[in-house]
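**Q** this one's structure only:
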């Protein structure tokens, strides 16, 4: 079963070195992303919605909480701040602003902060908020000023700066034009320094009128066509979360390349990752005495002379048919080079040529980069439209960086789709599906078995019908990751036990049984003879111990002492295999610590020559 | 696991004199046949399986075989007995296999091969015994033994392959191809070949007869290493009571090379001479080393670092109760997005091959799903220590079999929900009808199909070019250890390009497209470097990745304190210098002056520590000067510095400069420089003392100002 196991080890190690560094590189070069939540804490925010909807404040805190926790998992270097305005109490770095309460200043979220925000949720949260901050006068200008200080006080370079205002009041200063003007000025100052201001406006009786005030505060949309301002306020937590999530991470391309349609026709595109397996981060080594991370340095040195080896002092080698083949490191790299980075169009194919099983790794997303080659967006749009209308995909050769060997991508068109609230549910662009080479496809011997009769199929259809559900790609959380982070959270906060996670990957057996009723039995009666036990042994069931350790797996090759001594005398112990040697050790009660062949041989020798 | 079954091959090569004759301009059959053999052996060497291979030459000048006596079986020589092929054999073929001047009966040669096979495989287990005969059939052969030979071939279970210079026709009576008539012997030989092959396999016997060119083409592709599909037996469950026994197999998965590169010492080429050593050190100024035993394991939780021992982790981590393929529910196929497939593999799920009942039950599910256009969403766990996945099992019905195709789906944490600006609703980007029709004709001309709707570019038929290239280079290097690597095989380059037919077809639509869509490259000042890398075709640019990293380091260092750098300070002069140059607030000359001032100040201390600090300053000075393209300041400084060395007793420092080859900037580096490469080299090696005589004696104290004045 080595092969399957190998796969699992790989998964943990992040097989794809190539893909592994994709997000990292861009990220480091540009600084850190930051996000400030500026939340209205006026009385209106605490009024519960109709039919038991949570209050706008509660909804906001839920959102902030989920952003904090997802940041920890997906981008733990990002900075987040939480600032309230319209409070009675004031708390800010120099306490120069009244009615502005900096709850968390810019920092990457940690366990304590998550707990803090958690404390502001629900009934209790409202009370906590009332006690610590209270509701007071509103001066948005001051609040924005305070936020701009948060940015400027921060010592490291910030790349993307975003500020989200959560409020349910469209006239925060009740028409006080002086305050309004001040806020507008501050907002434009902020925008000038590169801060993007978004409005997350919440439901308010009588409707939220953006044009009254906020239209001048928020940043203009990314381009003329984007509606930018979500005209409809959010009434539901889910909508709000969706809206926040869409803006919370700065999208970054992992590569900007030329899509070459033919000689001299280069369209600039960005390559994005829209889905990528989130993995448990690697453990870090800490110094025992102070729990501080230690640096890990890897050095190469010469075994004989003990001197350190520079990369130029080494070469690379592989052995085939007992012959060593040596190359320079540069040669090894350059072997992988086929062409310059880019996407080269090979041609088009009808969509049905893209087979379901043509899948190797997560797809990439391709979108034009008008800033690099003007006119790109127009060609791209035309191509996207016609490919989609004609139901064809474009086949491209994809070279990500200089020394990466080519892969072929099927560029599948996706046209933009928006929901009723004008929120984008499908972005315009091509999905790049990685296609397998001949080596990647395995030949299988399909077993020849009888097929089901119509009656059997009909019965199964009933079962399928009973167990239908609406699949959404974001409805399953990864229980392994969640458990890992709950554990860390518990340890960080000295909780007695980690918070319980709900494992959505487990089948809801009870409910399924209930829905199926007698159908399951009826199907079984149709397909299985009475004496057939589908849960019985097919593959000989292994004992758990075997599965785990595999100790008893190998057939024991008993070797007599004489034989062994014979080997010892002839010096042919080395010809025996490791398992045989191990068994022999066991047989003679030799304790061995190592598993290396030489160690085993040495131990045996010592025993037999006693 | 079952021991992998091996095959024994005997290659039987005709080296007779007719093999080396050919029409002018054509490669003689001998050379072609030799190539086929080389490619074949090469492939076997890299496949690293247990297959054994022997080589028999006939028509050779010498005779060397076990059957040769009394003038029988003459001119047949066993070049290599049955062994696992190695580079020695490859070299032997290259150097020692030459065309002979005799002719020998190919049937005799076949008998020798059979004899070899039978003798040497005695008592060992082989899955297959095979003889490959490469000949032009141009020798007199006596068919009287044919029946006996065929009989013993069949008895011994030996299979036969012929590789000939000309094609054999299935029809039998049609004249041979190639315009060149076959000799009487060849015609007779061909008839016998057919007879032999048909008797071994009535229907497909002739499929095992190839032409040389066919064979070269096929063998150019390094065969992938066949992996035996691993069965994953499990039980598909629906609810608590409905279970179906299944077996899963990996159907698609990125194949990786089996071997990796090991690091060896550059001189000795010994792996054992290089040792990798990992040390841990504290993040303090001294980078104090600590023992591995003094470290514990921890994880980041946002800004927190949480110590979390392996033991605790194992105890607290999410656990599964063993393998699972449990249906969570069923959903419409249309709700599963093709582009959201996750993971790195596709599984095909069948019923166990000896279990009809499971087969029927699974078939019921597959057909129901297929008819309803639904999929099963399942929880998949490979084994007890595996992580659970959520995936989709699609129905797949083929004429020969039915199965479920399982692909992993994303978890919530895997998704990044980016919003992109609209394209079609943006007036700026809306294409005109004219433009759209230009795109249409491009698509028409570039459809990868021929008239019969055959696919012209099947990616899944292309061998992974990475491995083809790797093995090509490995083989070349193995045989020619000191030669530079060969260029890429032309067939490989061609296989990765737009098919010729399509390239020709799309030429004029592309021209139209170019006219209809004006494209203009935007070169931003800041991005000059990257854009050039992306768009330029210049080949001697630095590695893209490396350039990026370099740039990045520069930035980070500078960014932190960028705001308050107004002059070259004493803490990190090199960094300040870089920042100031980049900011361009001060004139270049002035910044240079500030730096040299600092360098002189440091050198005044005559201490190794200060010298060490100066080196990076001069390095940066040089680097930046080259980048800016102004060598004057640097060159004049370094010259005057050199002159002052003996006087100031800075010999030690000068040695350091020499060691780091911090010499003059030459013409190649900066156009304005007045020094050639040779000058620059000479500069460092030239004797200091000689120059000292020429140099005016400078007073130590006044030195700094003098130097600065020169700039």
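**A** Thanks, I have the structure now. Keep in mind the model is a prediction, meaning the values are calculated, not measured.

**Q** number of nearby residues for the closest residue to residue B:76 other than its chain neighbours?
**A** Nearest residue to residue B:76, sequence neighbours excluded (C-beta to C-beta, 6 or more residues apart in numbering or on different chains): residue B:58, at 4.5 Å. Bear in mind the C-beta positions are built from the backbone N, C-alpha and C, glycine included. By the criterion of other C-beta atoms under 10 Å in any protein chain shown, residue B:58 has 30 neighbours.

**Q** residue contacts, residue B:58?
**A** Shown in contact with residue B:58 (C-beta atoms under 8 Å, 6 or more residues apart in numbering or on different chains): B:12-16, B:75-77, B:104-106, B:108-109, B:112, B:135.

**Q** what's the distance between it and residue B:130?
**A** To residue B:130, residue B:58 is 17 Å away according to C-beta to C-beta, to the nearest Å.

**Q** how far off centre is the helix or strand harbouring residue B:82?
**A** Assigned by DSSP states H and E, residue B:82 belongs to strand B:76-83. Offset of strand B:76-83 from its chain centre (C-alpha atoms, centre = their mean, to the nearest Å): 35 Å.

**Q** ok, residues contacting that strand?
**A** Outside strand B:76-83, the residues within contact range by C-beta under 8 Å, 6+ apart are B:8, B:10, B:52-58, B:60, B:62-66, B:68, B:89, B:92, B:96-97, B:104, B:108-109, B:112, B:116-117, B:120-121.

**Q** now do the strands in the stretch 151-300 of chain A.
**A** If DSSP state E, counting those that start in this stretch is used as the criterion, the strands of the stretch 151-300 of chain A fall at A:158-167, A:195-201, A:255-262, A:265-272, A:284-287, A:295-302.

**Q** got the contact list for the second one?
**A** If you take C-beta under 8 Å, 6+ apart as the criterion, strand A:195-201 is touched by A:60, A:63, A:147-148, A:151, A:160-168, A:170, A:187, A:190-191, A:208, A:210, A:214, A:217-219, A:229-230, A:233-234, A:240, A:243-244, A:247.

**Q** quick one: strands adjacent to it?
**A** Here strand A:195-201 is paired, per DSSP bridges, with strand A:158-167 (parallel).

**Q** so what's residue B:168 up against?
**A** By C-beta under 8 Å, 6+ apart, the contact list for residue B:168 reads B:162, B:190, B:193-194, B:206, B:209.

**Q** now for residue 141, how many residues are close by?
**A** You didn't say which chain, so I picked chain A. Residues near residue A:141, counting by other C-beta under 10 Å, number 23.

**Q** that's the wrong chain, I meant chain B
**A** Neighbour count for residue B:141, taken as other C-beta under 10 Å: 21.

**Q** that one reaches residue B:109, doesn't it?
**A** No. Judged on C-beta atoms under 8 Å, residue B:141 makes no contact with residue B:109 at a distance of 9.3 Å.

**Q** where does residue 466 land on pLDDT?
**A** Because you didn't say which chain, this covers chain A. Looking at residue A:466, its pLDDT is 92.

**Q** was after chain B, sorry
**A** Residue B:466 carries a pLDDT score of 90 in this model.

**Q** how deep is the nearest residue to it once chain neighbours are set aside tucked in, by neighbour count?
**A** For residue B:466, ignoring the flanking residues on the chain, the nearest one in space by C-beta to C-beta, 6+ apart is residue A:405 at 3.8 Å. Residues lying near residue A:405 (other C-beta under 10 Å) number 20.

**Q** now swap in residue A:104 and tell me
**A** Neighbour tally, residue A:104, other C-beta under 10 Å: 21.

**Q** tell me the residue of chain A that sits nearest chain B?
**A** Taking C-beta to the nearest C-beta, chain B has its nearest neighbour within chain A at residue A:449, 2.9 Å off.

**Q** spit out the contact partners of that residue.
**A** Here residue A:449 is in contact with B:350-351, B:353, B:355-356, B:358-360, B:362-363 (C-beta under 8 Å, 6+ apart).

**Q** now the helix or strand encompassing residue A:565: mean pLDDT?
**A** Residue A:565 belongs to helix A:561-570 when assigned by DSSP H and E. On average, the pLDDT along helix A:561-570 is 75.

**Q** packing partners for that helix?
**A** Packed against helix A:561-570 by the contact rule (3 or more C-beta pairs under 8 Å, 6 or more residues apart in numbering or on different chains; DSSP states H and E) you find helix A:597-608.

**Q** list the buried residues for the helix it packs on?
**A** For helix A:597-608, a neighbour-count test (16 or more other C-beta atoms under 10 Å in any protein chain shown) marks A:600-601, A:603-604, A:607-608 as buried.

**Q** for stretch B:295-307, same thing?
**A** The neighbour-count check on stretch B:295-307 (16+ other C-beta under 10 Å) flags B:295-306 as buried.

**Q** ditto for stretch A:407-427
**A** Within stretch A:407-427, the residues scored as buried using 16+ other C-beta under 10 Å are A:407-416, A:421, A:424, A:427.

**Q** dump the residue contacts of residue B:498.
**A** Applying C-beta under 8 Å, 6+ apart, the residues near residue B:498 are A:344-347, B:446, B:457, B:506.

**Q** got phi/psi on the residue nearest to residue B:76?
**A** phi -130, psi 150 (degrees, to the nearest 10).

**Q** any part of the longest strand belonging to chain B near chain A?
**A** Longest strand of chain B, by residue count under DSSP state E: strand B:242-253. Yes. Using C-beta under 8 Å from any C-beta of the partner chain, strand B:242-253 comes into contact with chain A via B:242-245, B:247, B:249-253.

**Q** and the strands in the stretch 251-400 of chain B, which stretches?
**A** Assigned by DSSP E, counting those that start in this stretch, the strands in the stretch 251-400 of chain B fall at B:262-265, B:274-281, B:289-290, B:295-301, B:304-307, B:324-332, B:342-350, B:374-381, B:389-397.

**Q** adjacent strands (with direction) for the fourth one?
**A** Partner strands and pairing direction for strand B:295-301 (DSSP bridges) are strand A:284-287 (antiparallel), strand B:304-307 (antiparallel).

**Q** with the last one instead?
**A** Partner strands and pairing direction for strand B:389-397 (DSSP bridges) are strand B:374-381 (antiparallel), strand B:402-408 (antiparallel).

**Q** do the third one as well
**A** Strand B:289-290 has these partner strands in its sheet, going by DSSP bridges: strand B:274-281 (antiparallel).

**Q** which residues does the residue nearest to residue A:418 when sequence neighbours are not counted contact?
**A** Of all residues not flanking residue A:418 in the chain, residue A:424 sits nearest, at 5.4 Å (C-beta to C-beta, 6+ apart). When the contact criterion is C-beta under 8 Å, 6+ apart, the partners of residue A:424 are A:246, A:416-418, B:419-420, B:422.

**Q** among those residues, which one sits closest to residue B:386?
**A** Nearest to residue B:386 among the contacts of residue A:424, counting by C-beta to C-beta, is residue A:246 at 33.2 Å.
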